[in-house]
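A.B. asks: Sequence and computational prediction follow.
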Amino acid sequence: MNERSSPWWYRGRGIVFGMIYFLGFVVGGVSSQPQHGYVSAFVQLGSRFGSNGIFGLLIFGVVLTALCFLLRLWGSSYLSAGIVWNDNARTDALLVRGPFRYTRNPLYLGNLLMAIGIGLMAPIGGWIFIALATGIFIWMLARHEEAGLRERYGAAYERYAATVPWLLPRLTPAPETGHAEASLRQGLLSEVLTGAVLLGMIAVLFGARLGVLAFFVLYVIGIIAQSVVKRVS
């Protein structure tokens, strides 16, 4: 095992992600109130195509959130909750299995998909902020982690980095290395929060105003549950 001491923004990455969404939803909403009231991006953009456009854009957001959950579940099942939620950048092996054969950072790709999908419920300005800020932050996180991987694995990691893109996936899988087997249990433990967020988005899709309330309740439950998993792991 190799555990690399990490800066505050890495150790508190869950809080940073939460602040990004807070600023996008709350500050973005407050700033848009005087002109239009609180109008979600999926409503404002989708209304150009009528009610079907609004519903279609909301479905798009749910699909992106579902892809986030499935992609992160796939990647986390090859790691463990203890690694995924470790305060410091930790590596047990140079793993090229599952989604890591297509992208070096499948979990962060999932974060970006979720930011675009969930951000559609914020005003347009907030949606743009959430997507851009998430993109910048996951780039910072990935750079920090990869510095440790280069330090530990040297030429082997350089060959991997030259073959597999850092975020956007390649079309064909790279050759496997490592011997880790996927564990659905570890994947589900690692992705309690993203699973709760997905359920919240589905509630919004079918529950109108009560769905929005259900989304925030599920989001809070997900944060609490993930905090418990992190402590236990």
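C.D. replies: Cool, got the structure.

A.B. asks: what ranges do the strands span in the chain?
C.D. replies: With DSSP state E as the criterion, the chain has strands at 2-4, 89-91.

A.B. asks: what's the least confident stretch among these?
C.D. replies: Ranked by mean pLDDT, these bottom out at strand 2-4, with a mean of 60.

A.B. asks: Go through this structure and flag its longest helix.
C.D. replies: In the chain, assigned by DSSP state H, the helix with the most residues is helix 192-232.

A.B. asks: Please look at S76 and Q186 and confirm they touch.
C.D. replies: Yes - here S76 lies in contact with Q186, judged by C-beta atoms under 8 Å, at a distance of 6.5 Å. Placement of C-beta: from N, CA and C, glycine included.

A.B. asks: So which of those two has more stuff around it?
C.D. replies: S76 (28 against 20; other C-beta atoms under 10 Å).

A.B. asks: And for the closest residue to that one other than its chain neighbours, the neighbour number?
C.D. replies: Using C-beta to C-beta, 6 or more residues apart in numbering and skipping residues adjacent in sequence, the residue nearest S76 is S190, 3.6 Å away. S190 has 28 neighbours, counted by other C-beta under 10 Å.

A.B. asks: Can you check the pLDDT for S190?
C.D. replies: For S190, pLDDT reads 96.

A.B. asks: again with L199
C.D. replies: Confidence score, pLDDT, at L199: 95.

A.B. asks: What distance do you get for it to G119?
C.D. replies: Shown here: L199 relative to G119, a distance of 18 Å by C-beta to C-beta, to the nearest Å.

A.B. asks: Now A142: closest residue in space, sequence neighbours ignored.
C.D. replies: N105 (5.0 Å).

A.B. asks: Can you verify my assumption that that neighbour contacts H144?
C.D. replies: No - checked against C-beta under 8 Å, the pair N105 and H144 is beyond contact range at 11.6 Å.

A.B. asks: quick one, which of those two is more surrounded?
C.D. replies: N105 (24 against 17).

A.B. asks: Distance of the residue nearest to A142 relative to E145?
C.D. replies: 8 Å.
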